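Asker: Next come a sequence and a model predicted from it.
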Amino acid sequence: MANIYTVRDLFCGQWSSDARIDGKTVIVTGANTGIGKETAMNLAKRGGRVIIACRDMVKAEAARADIVERSGNPNVVSRQLDLADTKSIREFTETINREESYLHLLINNAGLMMCPYSKTADGFEMQFGVNHLGHFLLTHLLFELMKRSAPSRIINLTSMAHAWGRIQLDDINSERIYHSRRAYGQSKLAIILSTRSLARRLKGTGVTVYAVHPGIVRTKLKRHMSLALLISWKIVSPFTKTIPQGVQTTIYCALEPEIESGGYYCDCKLSSSSGAARDDVMAEKLWELSCQMLRITWE
């Protein structure tokens, strides 16, 4: 029988692997729903110890129970993590560093998209604070555990929307002017730039890092879109991915051997990012600013 493809299938990239991760420990942030939960499910089915890190523990527990039932893997646990509060991030990492002997995969998946203006508990603009700074601090505080567990990998979820933004070094929290789409783009651009900077710092450690654009996936992230963007969404909907399709590049970067650290990946292959996302001078300025904002030292 001839293969039948939908329009959506033509833009999803083709890759599959039956690789197992028995004995490996994984953290997935924002894993109570959407592509985070599907990522956790996929890795649980492969035999990993999966820690789902979520702000809402009621939803986290429901997701954990569902993953255990559907994967047949009882080694799935939930932990509270609010990426909009550095105190919560530090408490979470203290628990992980105390209780876990290894950490082989850190999947920085959680994120906010085009929400109304607000600030995190520490006074950061919410999208930049959660999408970039929250995961930046999380990675920093878990790095020594990952280095001891090497080979290990960090996967940072970003978006093609990084092309919408630019790094506003003099107004990083969008206090003078706030545009939800541009602020979202800035946060996603920051993720790619920090991934490039981190890759250079990780050379020789056995830890590698990847920036992943999962594609345009049908998730609840679009709930804050304007009417104009929702109309655009309807137009492009034939090209959007299902949630299982949307996790494939994350799983690819988690499992595929010999891929380039620091790269930007989409559709299960190394892809091209915007010129601004390849600006290593800006990447270093952002790195220094991020460390200053979080009051950490990470050379």
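Answerer: Now that the structure is in, tell me what you want to look at. Residues are numbered from 1 along each chain as shown.
Asker: Tell me, how many residues neighbour the closest residue to Ala84 other than its chain neighbours?
Answerer: With sequence-adjacent residues excluded and distances taken as Cβ to Cβ, 6 or more residues apart in numbering, Ala84 is closest to Thr120, at 4.1 Å. Glycine gets a C-beta too; all of them are placed from N, C-alpha and C. The local packing of Thr120 (other Cβ atoms under 10 Å) involves 20 other residues.
Asker: So Thr120 sits against Met126, correct?
Answerer: Yes: look at Thr120 against Met126 with Cβ atoms under 8 Å: they come within range, at 5.9 Å.
Asker: Show me the helices in the stretch 1-150 of the chain, by range?
Answerer: Counting by DSSP state H, counting those that start in this stretch, the stretch 1-150 of the chain has helices at residues 34-45, 57-71, 86-99, 126-127, 135-148.
Asker: packing partners for the first one?
Answerer: Using 3 or more Cβ pairs under 8 Å, 6 or more residues apart in numbering; DSSP states H and E as the contact definition, the elements that helix 34-45 packs against are strand 25-29, strand 49-54, helix 57-71, strand 105-108, helix 243-246, helix 248-255.
Asker: Check the third one too.
Answerer: Other elements packing on helix 86-99 under the criterion 3+ Cβ pairs under 8 Å, 6+ apart are strand 76-80, helix 135-148.
Asker: Any chance of those in JSON lines with distance to Ala183 as columns?
Answerer: Below are those laid out as JSON lines (distance: least, Cβ to Cβ, whole Å):
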{"stretch": "strand 76-80", "distance to Ala183": "26"}
{"stretch": "helix 135-148", "distance to Ala183": "16"}
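Asker: Pull up the overlap in contacts between Thr120 and Met126.
Answerer: Ala84 (Cβ atoms under 8 Å, 6 or more residues apart in numbering).
Asker: Quickly find the element holding Ile191.
Answerer: Counting by DSSP states H and E, the element that carries Ile191 is helix 180-202.
Asker: Can you mark which positions in that helix are buried?
Answerer: 180-199, 202 (16 or more other Cβ atoms under 10 Å).
Asker: Which SSE is immediately downstream of it?
Answerer: strand 207-213.
Asker: Do me a favour and average the pLDDT over that following strand.
Answerer: Here strand 207-213 scores 97 as its mean pLDDT.
Asker: Now do it: which elements does it pack against?
Answerer: Applying 3+ Cβ pairs under 8 Å, 6+ apart, we find strand 207-213 packed against helix 135-148, strand 152-157, helix 180-202, helix 248-255, strand 264-266.
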